[in-house]
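Engineer: Here's my sequence, what's the structure:
(2 chains)
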Amino acid sequence: NAGVMQNPRHLVRRRGQEARLRCSPMKGHSHVYWYRQLPEEGLKFMVYLQKENIIDESGMPKERFSAEFPKEGPSILRIQQVVRGDSAAYFCASSPPDSSYNSPLHFGNGTRLTVT
Amino acid sequence: AQSVTQLDSHVSVSEGTPVLLRCNYSSSYSPSLFWYVQHPNKGLQLLLKYTSAATLVKGINGFEAEFKKSETSFHLTKPSAHMSDAAEYFCVVSAVGGSYIPTFGRGTSLIVHP
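Structural biologist: Take a look at the predicted model:
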């Protein structure tokens, strides 16, 4: 039973390029969360999605960042026109359809984005 | 609103000695609390969770945590540290009626000396 799969593990982009990060949740899970981790900081919430719906994007920067979770396929976090400050580890987590506030999240191993 | 404060950014112990990682939370509602561990270049793994049942919660790898409402604390302990416990530890809060989005502390780096 595969866990949460994120790819790529490492991504290098030059300033101004686009970055696409993919997340396949655990089998049977329909809730996806994206978090960003900067050095020496905890995980900062970005967006919470269910299939075909953005539930909460209060942590997403207003510009350049977008996320989707289509009916088929992985969730995608897209960063347009990347800047050096976007360099971070991006983690995806998933939870099952019946999950609530007291359900733990299942995390992927993250994508480490480096902007040069 | 809800928040988590991990009181130590780094904790250093010798192998075989007790571990204490401190966490205080703030929540206007009954919280659920979690501890996660992150080994270098890995994702996060759930150690244990508290969800309003027993206040002393036992987790994996010999860790446990005690929920103290009067002190708004949820400290993580282990009687005897092992070298493999060296990692980053995160305290997390979420709450019904509040933000159901899990909120993370800044993390505590546990260093274990031989």
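Engineer: Show me which residues of stretch B:33-44 are buried.
Structural biologist: Neighbour-count burial for stretch B:33-44, counted by 16 or more other C-beta atoms under 10 Å in any protein chain shown, picks out B:33, B:34, B:35, B:36, B:37, B:38, B:43, B:44. Just so you know, the C-beta spots here come from the backbone N, C-alpha and C atoms, and that holds for glycine as well.
Engineer: Hmm, I typed the wrong one, I wanted stretch B:11-29.
Structural biologist: B:11, B:13, B:19, B:21, B:22, B:23, B:24, B:25, B:27.
Engineer: again with stretch A:33-41
Structural biologist: Result for stretch A:33-41 [16+ other C-beta under 10 Å]: buried residues A:33, A:34, A:35, A:36, A:37.
Engineer: That stretch close to chain B?
Structural biologist: Yes. Contact of stretch A:33-41 with chain B (C-beta under 8 Å from any C-beta of the partner chain) involves A:33, A:35, A:40, A:41.
Engineer: need those in a markdown table with distance to residue B:67, can you?
Structural biologist: What follows is these, written out as a markdown table (distance: C-beta to C-beta, whole Å):
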| residue | distance to residue B:67 |
| --- | --- |
| A:33 | 24 |
| A:35 | 24 |
| A:40 | 28 |
| A:41 | 25 |
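Engineer: Tell me which of those residues has the lowest pLDDT.
Structural biologist: Least confident entry in these, by pLDDT: residue A:40, with 75.
Engineer: My reading is that it lies in a helix. Confirm?
Structural biologist: No. Assigned with DSSP: H, G, I helix; E, B strand; the rest coil, residue A:40 falls outside any helix and is coil.
Engineer: I'm done for today, thanks for sticking with me.
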